[in-house]
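Novice: Predicted structure and sequence below. I'll ask about it afterward.
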Amino acid sequence: MKASNAALLLLALASPGVAAQSTGQPAAAPAADAGAQRFDELGLTLRFGPDLPLSRQPKPRDARVPAAWAGTLGAAKLTAQLVLVGDAGMGLSEPSQVLELVRSDLSDRRSGGNPSFRFDELAHWPGPFGVAAYASYGRSAERDEQGPLQVFRVAGLLPDSGWLLDLRARPELPAADAAKVRDALAKAVTWDGEPRDARWSKAEAEERWQQSVPEDLADELEDVLRTPHYVILTNSSGGKSFAKKMEECHAAIRKVFPFEEVEGRRLLPVFLFRTADQYFEFFARAFNATVEDGRRTGGVASGDFYATWYEAPGDPVHIHEATHQIFANRLGLGGAGSWFQEGVAEYMSTKDNERGMAAKAVEKGRHVPLAEFFKVQSLIFSSDKEDLKGEDASGNQYKQAALLIEFLREGKWGKAKFLDFVHAVGAVPRNDLGAIEGALRRVYDTDVAGLEKEFVAYCKKR
């Protein structure tokens, strides 16, 4: 997900050292004394409690910043703001996406960000925080022109936008005080509306189908199947066996790339069409593309959904695309580049022997050097091209990407550091070689050249 203007705005408004613009309203009493602070137009109530001594400040003039606070905790100065993020047109469907907007903006080198930015702690808290019955929390150590600071962020969803409570401490709090702040924030926000049905109501499922499929299929929804992790929208009679296969894919992916199950997250939508032609039509409509473009794919994961047609539930395309869907919507790791995104998906959908030819190519020096490979915008762009030996260049690159993931997980460094690397590199901007190398140094204490050397050695011994 790309950072929006709303994300850029919230970061500018919440920058430490920038005073709120006064509207002439007097400052309110400290939150700890005043008790609940109500925002009727949002349905939100904030209560900070005695462990988070914040006083209400004059309201900023920007309508997207309903309130600001300031205070002290020990030797640290605290500033906080409530910020509205995005709008109904942005398609925010999970609180975690609000934090992803922040992370994306803070790591964007083009806007002066730090490509190595990451959250030091991430968590999800169940409760009445908004339309989604949970909030996402992130803590990070940051630096600005005034020096280091510590930032705590809590995000939730409203019917037409996201909300973000951004609290900053300067200097960094001692561990005991940071824990108090975390606990206070977990209890600080309450939304009094009716939470959504995380399993999708019948009306929501039907509406999603009608809005998404070609017009001639709008009335053909035959079944809505719910599993523990998916909602299958289909006009095919094979929905039940396909739903079972998707759960098997989910379990296999989560075993290799673990992630927290969060109560309140929506089931992941899957469009399962009866015929390939219906899927190709859907593809063309969804991506403003041609039917011929759709014929080059066996399925597609984009946004929150996966779409395909019913043919063989055991087709490896399903776990490949399910991996993309999970990385985007559960792990929140959409960065690094095509080599990483396709690498993890291809690793899940291929067997050891299928990656053997790629290993031989690396051993003979016929692979794409990693410094170049990491900058490839899309591996699929060369899918209709052949290399000098008449081989499918894109297919070879897909296998090289899968082999690289295999090496990182099963080679010299092994599983002990693998997940650290996945989370470090998956959060950096795509194709940013410097940021990718930064992740390599943090996790493996090596650079791209060192990685290449170890990768080649692994393939020679494989």
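Specialist: On my side now, so go ahead.

Novice: pretty sure G74 contacts A176?
Specialist: No. Using C-beta atoms under 8 Å, G74 is not in contact with A176, being 9.3 Å away. Heads up, the C-betas are built off the backbone N, CA and C, glycines and all.

Novice: Comparing those two, which residue is more hemmed in?
Specialist: Using other C-beta atoms under 10 Å, the more surrounded residue of G74 and A176 is G74, with 12 against 8.

Novice: On the three-state scheme, the nearest residue to that one once chain neighbours are set aside is what?
Specialist: Nearest residue to G74, sequence neighbours excluded (C-beta to C-beta, 6 or more residues apart in numbering): D177, at 5.7 Å. Following DSSP: H, G, I helix; E, B strand; the rest coil, D177 is assigned to helix.

Novice: So D177 sits against L78, correct?
Specialist: No. In this structure, D177 is not within contact of L78 by C-beta under 8 Å, at 10.2 Å.

Novice: and these two? which has more neighbours close in?
Specialist: Higher neighbour count among D177 and L78: L78, with 22 against 18, using other C-beta under 10 Å.

Novice: The more buried one should be in a strand, yeah?
Specialist: Yes. Secondary structure of L78 (three-state DSSP): part of a strand.

Novice: show me what contacts N235?
Specialist: With contact set as C-beta atoms under 8 Å, 6 or more residues apart in numbering, N235 has these partners: 217, 220-223, 272-274, 278.

Novice: let's see 6 Å
Specialist: Neighbour list for N235: 220, 222, 274 [criterion: C-beta atoms under 6 Å, 6 or more residues apart in numbering].

Novice: give the contact list for the last one.
Specialist: Contacts for R274 (C-beta under 6 Å, 6+ apart) come out as 235-236.

Novice: hmm, try it at 7 Å
Specialist: 235-236, 309-310 (C-beta atoms under 7 Å, 6 or more residues apart in numbering).

Novice: The second one too?
Specialist: With contacts defined as C-beta under 7 Å, 6+ apart, E222 is in contact with 234-235.

Novice: and what of S338?
Specialist: By C-beta under 7 Å, 6+ apart, the contact set of S338 is 376-379.

Novice: returning to what we had before: which residues are common contacts for G74 and A176?
Specialist: When C-beta under 7 Å, 6+ apart defines a contact, no residue borders G74 and A176 alike.

Novice: quick one: low-confidence ranges for the stretch 51-200 of the chain?
Specialist: The stretch 51-200 of the chain contains residues with pLDDT under 70 at 88-89.

Novice: quick one: the strands in it?
Specialist: Ranges of strands in the stretch 51-200 of the chain, per DSSP state E, counting those that start in this stretch, are 54-56, 67-73, 76-85, 121-126, 134-144, 147-157, 162-170, 189-191.

Novice: Give me whichever of those is most buried.
Specialist: Mean neighbour count (mean count of other C-beta atoms under 10 Å) peaks for strand 162-170 among the strands of the stretch 51-200 of the chain, with a mean of 24.
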